[in-house]
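Trainee: test case, fold it:
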Amino acid sequence: MPYVIGLTGNIATGKSTVARMLRDLGATVIDADRVAHEVMRAGTPVHRAVVVTFGPQVLRPDGEIDRARLGAVVFSDPQALARLEVIVHPAVLEEVARRIAAAPTPVVVVEAIKLIESGMADAFDALWVTTCPSEEQVRRLMARRGLSRSDAEQRVNAQPPQEAKIARADVVIHTDGSLEETRAQVEAAWRALMHALTEATLPGLAADGRPSPTSPHPRRLPSPAGAGEGKGLGEG
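Mentor: Residues are numbered from 1 along each chain as shown. The predicted structure follows:
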């Protein structure tokens, strides 16, 4: 099995940007939100359950789920959000596990906003968390998704405090600076991981410093001091 990094953080804190950087460094990236899109497609058991639970008003004319309409319902009602998660999460977990097992690289990153809350993080080797000030989250949501300030603040406030995720993190990526500063943090944490794998006397490291696909690895390698410290932008 590959070494699995769980990548999480609250909405608009830069997860997608950091995930792209990790992909560039050689990791396979699994976007759990994209997986959720796929398991909710028309004709699937999840799609049917969502329609039964929330009604046909959440559908587009083509029969697919309108994510914006569904989001408007669940982000304004914590109980509705919990019902949606009960429907969607088991199917997402199953598909993510299948993709991890089939990954062609020795390091896999699973990006998910509910990584901790869903229990996925407990099965992974390390937890990386992106963070930025709440006002920056609101600004990004307004700029990128066209949300009003009140709608953006509602989405930010609907999530658990960032501090709860940070307390669980092996690596924290601060995303309120420049893109170059974010990349520097990600590359430093990646180098620290490669060093930790090497120090664990894993055989077969490739010439570029990446672990070979056949190398075993210990679970939850400790994070070297300083990994993930600093600041940087993550507009994803």
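
Trainee: how about the strands in the protein?
Mentor: Applying DSSP state E to the chain gives strands spanning 3-8, 28-31, 107-111, 126-131, 171-174.

Trainee: is it possible to export those to CSV including distance to Asp151 and mean pLDDT?
Mentor: (Glycine included, C-beta is placed from N, CA and C.) Formatted as CSV, the strands of the chain follow (distance: least, C-beta to C-beta, whole Å; pLDDT from 0 to 100):
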stretch, distance to Asp151, mean pLDDT
strand 3-8, 23, 96
strand 28-31, 23, 98
strand 107-111, 23, 96
strand 126-131, 22, 97
strand 171-174, 26, 97
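
Trainee: of the ones you listed, give the one that comes closest to Val46.
Mentor: Of all the strands of the chain, the one in closest proximity to Val46, counting by C-beta to C-beta, is strand 28-31 (16.8 Å).

Trainee: for the closest one, packing partners?
Mentor: Packing partners of strand 28-31 (3 or more C-beta pairs under 8 Å, 6 or more residues apart in numbering; DSSP states H and E): helix 15-24, helix 78-101, strand 107-111.

Trainee: list the contacts of the longest one.
Mentor: Surrounding helix 78-101, the residues in contact under the criterion C-beta atoms under 8 Å, 6 or more residues apart in numbering are 1-2, 4, 30, 32, 35-36, 38-40, 44-46, 49-50, 53-54, 70, 73-75, 108, 110, 112, 114, 117-120, 158.
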